[in-house]
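In: Just the structure for this:
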Amino acid sequence: MFGNLGNLAAFVRSAQEMQKRVADVQEVLKAAKVEGSAGGDLVRVTANGNGDIGRISIDPSLLKPEEKEALEELCLAAVNQAIGRARELAQAEMAGLMGGLELPPGLLDPSMLNGRP
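Out: Take a look at the predicted model:
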């Protein structure tokens, strides 16, 4: 009659352990730094592992009115590269968290780690 209570207790302990591990990964991602660049490093963007942009660096040679469109395109490319690298980092951290457990692609989206939809 009470045999399943042991299974339930083990499940609750496992869930609590997983919750702590997820919190640890969140901290690692928050502290991590990835960089994207474009135009031969004329534009550089730094982001954390959650994909939050922390810094944009623009070479002064691009600060000319006639270079506005090129600068916008380079900023977009560098931001997208930094965010892509942040996603790769988050996926790698999640893979480590899951300890080799194979799940269907996209089941645990890295954005779940930082509370984003």
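In: what about residue 95, helix or strand, and which?
Out: helix 68-97 (DSSP states H and E).
In: Next, the buried residues of that helix.
Out: Neighbour-count burial for helix 68-97 flags 71, 74-75, 77-79, 81-83, 85-87, 89-90, 93-94, 97 (criterion: 16 or more other CB atoms under 10 Å). Heads up, the C-betas are built off the backbone N, CA and C, glycines and all.
In: what about the strands in the protein?
Out: Here the chain has its strands, by DSSP state E, at 33-38, 43-48, 53-58.
In: Those strands: which one's closest to residue 15?
Out: If you check each of the strands of the chain against residue 15 by CB to CB, strand 43-48 wins as the nearest, at 27.0 Å.
In: hang on, the earlier thing: return the most buried member of the strands of the chain.
Out: Per-stretch averages of neighbours, counted by mean count of other CB atoms under 10 Å, single out strand 43-48 among these, with a mean of 22.
In: what does it rub up against?
Out: Strand 43-48 is contacted by residues 29-37, 53-59, 62, 71, 74-75, 77-79, 81-83, 85-86 when judged by CB atoms under 8 Å, 6 or more residues apart in numbering.
In: Could you do stretch 31-42 as well?
Out: The contact list for stretch 31-42, computed with CB under 8 Å, 6+ apart, reads 43-49, 54, 58-59, 61-62, 70, 73-75, 77-86, 89.
In: Please consider this matter closed, and thank you.
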